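**Q** sequence and predicted model, in that order:
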Amino acid sequence: MFEPFQYAFLQNALLAGSAVAVVAAVVGYFLILRGLTFAGHALGHIGFAGAAGAVLLQVDPLYGLLAFTLTAAVGIGLLGQEIRERDITIGIIMMLMLGLGLLFLSLYAGYAERAYSILFGTILGISQHDVLVTGLFSLLTLGVLGGLWRPLLFSSVDPEVAKARGVPVRRLRVLFLVLVAITVSVAVQVVGILLIFTLLVGPPATAVRLARTPGRALGLAVTLGLAYTWLGILLAANSPWPASFFIAALSFGVYLPVRLLALGWARRRPAPPALGVKVESEHPVGS
Amino acid sequence: MSPVVELEHVHVQLGGRPILVDISLALDAGAFSVLLGPNGAGKSTLLKLLLGLLPPATGTVRVLGRPPRRGNPAIGYAPQHRELEADLALRARDVVGFGLDGHRWGLGWPSRARTATIDRALEEVGATAFADAPIGQLSGGEQQRLLIAQALLTNPRLLLLDEPLANLDLAYQQEMVRLIAAVCHLRQVTVILVAHDINPLLPVTDCVIYLANGRSAIGPPAAVITSATLSQLYDAPVEVVEALGRVFVVGVET
């Protein structure tokens, strides 16, 4: 029988994976509430340029990731609320960053291997130091999110009333995106840039379709994130296939049936009885 | 008793364009005022002014005897409604709860007192039946009730409602008007309600604020909604016609 916990690399993978799974699920819940999932995805790609630049300069890729994603997060936060316009701008910046990342990697001699690990993650190859850094950043992010919880939720659902009630909506938006940037940066070594969605959006996307309250959605998202990560790591350790693949496949495999079933549940509530005949006026006063 | 809302020679500009020009008004405590006017006349702008979200270019604004400020718990506000999405994992009572402590930092733990306060507000607007329903599954009218309950949670003295009757059919509009009027009468709240059609509101309206061309006409409905006043306001011939117990404004291109 295989004993997963006696191997240091597996322990490291499970610890770092757990930290990332928890923080990504919580951050991802707010990304979904705010309609910012594309920004989360883009931050991963923008981080790619940073990581590749750091590799070229022979420093820890995490520094490059943080530098690029944090800058981009503040920029996106200041762009404002208008989703369509914002997403186009984000997409164009993301494109430039992907180009830059490619350039940096081609300038770096040891091309293929480093690029592969940034793009797809190297969960089974991370050190104790990585675990510590990941854990610290995750705790920090969770702590700040806990402090921001109520106004962040309020301004995610109804920014206009929140603003009128004195919530610093704009500053909260920038601060939240900074937290997304940190989460994306630490998640990269677990699932890689291309699969950031699997932990950031997969679990909470499933959870909001099943749970009815924010607390329960969050609990479910964290549980799912942890389950995908642990299963993915354990399956990868026993097979030639990479952990990121298993995590992504599990995330999709659970989301799909929930999505299809939830369509049926949404229709279950009967329509309220009509109150009266609808009468249209020709020229109401004031219009 | 000093007026709840007082505007003196207020001018507001947005992007260099004058929106409100020299508006003066005073609203007494407990009055039910309806804010009318064509699109872009500055109805929502006027509400933002009172909420402290927008400064006047010139003139003075006083709300409850003081300059407006953001986060004033004495003002309840329900903005122009947009349909909330289906999958937010929020129940009706969660949305109402934002009005109580959504602006406070931290996680906020559930308490019996909090639940009771929210339950009372839900009951006041007739939303008890769907208190635990997911917000995305509620109709526009049901969601509107929740926004009003949310706005009432701080026990405001002034309630600002931006188009609460929009997208409701006539019967539901009348029910909503009855509800708002009853709640506000009971609580002695001063109301400013933005609307497009005065008809469902006529039985409860004390005062009409009619905005057009940056100018305003203020007074009881019978004094403001007349051919003479509106023709002057629009600077064009306007006819007010009464038919089947309802009033219509004819000749206004909006």
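**A** Sure thing, it's come through.

**Q** burial of the residue of chain B found nearest chain A, as a residue count?
**A** Per C-beta to the nearest C-beta, residue B:71 is where chain B lies closest to chain A, at 2.1 Å. For glycine as for every other residue, the C-beta is placed from the backbone atoms N, C-alpha and C. Neighbourhood size, residue B:71 [other C-beta atoms under 10 Å in any protein chain shown]: 15.

**Q** give the closest residue to it in space, chain neighbours not counted.
**A** Excluding the flanking residues, the one nearest residue B:71 by C-beta to C-beta, 6 or more residues apart in numbering or on different chains is residue A:166, at 2.1 Å.

**Q** domain-wise, how is chain B divided?
**A** When chain B is parsed with automatic domain parsing, its domains come out as B:1-74+B:156-226, B:86-155.

**Q** JSON lines for those, including mean pLDDT?
**A** Compiled in JSON lines, the domains of chain B are given as follows (pLDDT from 0 to 100):
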{"stretch": "domain B:1-74+B:156-226", "mean pLDDT": "92"}
{"stretch": "domain B:86-155", "mean pLDDT": "91"}
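
**Q** what parts of the stretch 1-150 of chain B come near chain A?
**A** B:36-38, B:51, B:53, B:70-72, B:75, B:77-79, B:84, B:86-91, B:94-95, B:98-99, B:101-108, B:132-134, B:136-137, B:139, B:142, B:147, B:150 (C-beta under 8 Å from any C-beta of the partner chain).

**Q** check contacts around whatever residue of the stretch 151-287 of chain A ends up closest to chain B.
**A** When scored by C-beta to the nearest C-beta, the stretch 151-287 of chain A has residue A:166 as its residue closest to chain B, at 2.1 Å. By C-beta atoms under 8 Å, 6 or more residues apart in numbering or on different chains, the residues touching residue A:166 are B:70, B:71, B:72, B:103.

**Q** try 7 Å
**A** Counting by C-beta atoms under 7 Å, 6 or more residues apart in numbering or on different chains, residue A:166 touches B:70, B:71, B:103.

**Q** burial count for the first one?
**A** Neighbour count of residue B:70, defined by other C-beta under 10 Å: 14.

**Q** I'd say it and residue B:50 touch.
**A** No - counting by C-beta atoms under 7 Å, residue B:70 does not reach residue B:50; the two are 11.1 Å apart.

**Q** any chance you could map the helices in the chain?
**A** I went with chain A, as the question did not name one. Assigned by DSSP state H, chain A shows helices spanning A:8-33, A:37-56, A:61-79, A:83-107, A:111-120, A:128-157, A:159-164, A:169-191, A:196-200, A:202-210, A:214-237, A:243-266.

**Q** you looked at the wrong chain, it should be chain B
**A** B:43-51, B:92-101, B:112-124, B:140-152, B:170-187, B:221-224, B:227-234.

**Q** about what we covered before: can you redo the contacts of residue A:166 as TSV with distance to residue A:14?
**A** Converted to TSV, the contacts of residue A:166 look like this (distance: C-beta to C-beta, whole Å):
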residue	distance to residue A:14
B:70	47
B:71	45
B:103	39
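
**Q** of those residues, closest to residue A:104?
**A** residue B:103 (43.9 Å; C-beta to C-beta).

**Q** which one of the domains of chain B lies nearest to residue A:52?
**A** The nearest among the domains of chain B, by C-beta to C-beta, is domain B:86-155 at 35.8 Å.

**Q** what about that closest one, distance to the chain center?
**A** Here domain B:86-155 is found 19 Å from its chain centre; the criterion is C-alpha atoms, centre = their mean, to the nearest Å.

**Q** go on, stretch A:107-125?
**A** Centre to centre, stretch against its chain (C-alpha atoms, centre = their mean), the figure for stretch A:107-125 is 21 Å.

**Q** now stretch B:150-161
**A** On C-alpha atoms, centre = their mean, the centre of stretch B:150-161 falls 10 Å from that of its chain.

**Q** buried set for it?
**A** Along stretch B:150-161, these residues count as buried under the neighbour rule (16 or more other C-beta atoms under 10 Å in any protein chain shown): B:150, B:151, B:152, B:153, B:154, B:156, B:157, B:158, B:159, B:160, B:161.

**Q** filter those down to the ones in strands?
**A** B:158, B:159, B:160, B:161 (DSSP state E).

**Q** nearest to residue A:211, of these?
**A** residue B:161 (31.3 Å).
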